[in-house]
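J.: here is a sequence with its predicted model. Questions after.
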Amino acid sequence: MASFDTITKKQIEINPQDFVDLCFRFGEADTVVLEIVTPEQPTVEMHQADSLIKVMHNSREVLVHFEFQTNDSYDPEMPLRMAGYIIRSIEGYGLPVYSNVIYLRPDAGRNDPGKFQQNLENHNISIEYQVFRLIDLDGDNILDSKIVGLIPFTPLMGHHADTNDEQWLRKCIQVADSIDVPNKIEYLGSLAILGNLIFDSQTIFDIISEETMQQPSIAEYAAPIAREQGIKQSTRKHILDAIQLRFGDETAHIFKKSVESIDDIQRLELLFRAAIQVENANEFRQILSEHDE
């Protein structure tokens, strides 16, 4: 069973136009989705969370790129990661790229400048991309407009101040349940898993059960993903505990943000083995750097 990466990519694969419209801020631009560019294409190495859509935009063929980020990225920092992907995509496909990063957690992305810059005399570089923090989006507008691909994300979005968090979650579930989609269990399950980033899972399942009478099915769908997220969180903790035990509190604090930003379970397992085997903190730093996402 997949994690947040698969859930987010699945929504793009099913409803690409909704995300393309988000990229262009739901403006009046003439955009038509042509195809989803799959990772199997040999021209560009894709990060697991990347999604790439070929679009006809104002009579011009372009690429629209989305990176979903649960937490802040520190290793490498997001501007460098995005700059590398944008340049590789332009080189590999020979098309202009509209690149976007979407931060899931409410506390993530606050300091993302949406730009990579190198300021050297006669060697200046500036590469821009668009930053979306879900908490800054108008969730009420998404629900009212019934934008199918974005509704599973609405529990993480902003809402009217006179609506408390539980009322908001209930409204998101009600609207999601009203949407005619081929697999309602998977659709509601995606909302439940994404919502679990900020809401207690039992609260989510209780409301789903009250509103749809489908709690057991949703729980069955969501449980493997919840277990995977628990394993990842536990492995992050074990890595930092090992670093702290072997090299001290200060060293563990230095690596904390980088380790906590990693979502790939195989990479976390590799780093845990490194944390208990390396001879010094510099060796661990080198391994962390060599296996950048």
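T.: It's in.
J.: and the helices in this protein?
T.: Under the criterion DSSP state H, helices of the chain are mapped to 4-14, 16-23, 78-93, 139-145, 165-178, 184-195, 201-212, 215-247, 249-260, 265-277, 281-290.
J.: buried deepest among these, which one?
T.: Of these, the one with the most neighbours on average (mean count of other CB atoms under 10 Å) is helix 184-195, at a mean of 23. All C-beta spots, glycine's among them, are computed from the backbone N, C-alpha and C.
J.: can I get that helix as CSV, trimmed to CA atoms?
T.: Coordinates of each C-alpha in helix 184-195 appear next as CSV, following Å, rounded to 0.1, in the frame of the first residue of the first chain:
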residue,chain,number,x,y,z
LYS,A,184,-16.0,6.2,-3.4
ILE,A,185,-14.2,4.1,-0.8
GLU,A,186,-10.8,5.1,-2.3
TYR,A,187,-11.9,8.7,-2.6
LEU,A,188,-13.0,9.0,1.0
GLY,A,189,-10.0,7.0,2.1
SER,A,190,-7.7,9.4,0.4
LEU,A,191,-9.4,12.3,2.3
ALA,A,192,-9.1,10.4,5.5
ILE,A,193,-5.4,9.7,5.1
LEU,A,194,-4.5,13.3,4.1
GLY,A,195,-6.7,14.6,6.9
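J.: for that helix, packing partners?
T.: helix 4-14, helix 165-178, helix 201-212, helix 215-247 (3 or more CB pairs under 8 Å, 6 or more residues apart in numbering; DSSP states H and E).
J.: could you dump those into CSV with mean pLDDT added?
T.: CSV is the format used below for the helices and strands packed on helix 184-195 (pLDDT from 0 to 100):
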stretch, mean pLDDT
helix 4-14, 88
helix 165-178, 95
helix 201-212, 84
helix 215-247, 78
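J.: for those, give me JSON lines that also has distance to Glu28.
T.: Below are the helices and strands packed on helix 184-195 laid out as JSON lines (distance: least, CB to CB, whole Å):
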{"stretch": "helix 4-14", "distance to Glu28": "22"}
{"stretch": "helix 165-178", "distance to Glu28": "25"}
{"stretch": "helix 201-212", "distance to Glu28": "35"}
{"stretch": "helix 215-247", "distance to Glu28": "38"}
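J.: out of these, the one nearest Thr70 is which?
T.: Of all the helices and strands packed on helix 184-195, it is helix 4-14 that lies closest to Thr70, at 5.8 Å by CB to CB.
J.: tell me what angle the closest one forms with helix 16-23.
T.: For helix 4-14 against helix 16-23, the angle by axes from the mean of the first three to the mean of the last three CA atoms, to 10 degrees is 100 degrees.
J.: from the contact counts, what lies against helix 4-14?
T.: Against helix 4-14 (3+ CB pairs under 8 Å, 6+ apart) you get helix 16-23, strand 50-57, strand 60-69, helix 184-195.
J.: great, nothing more from me.
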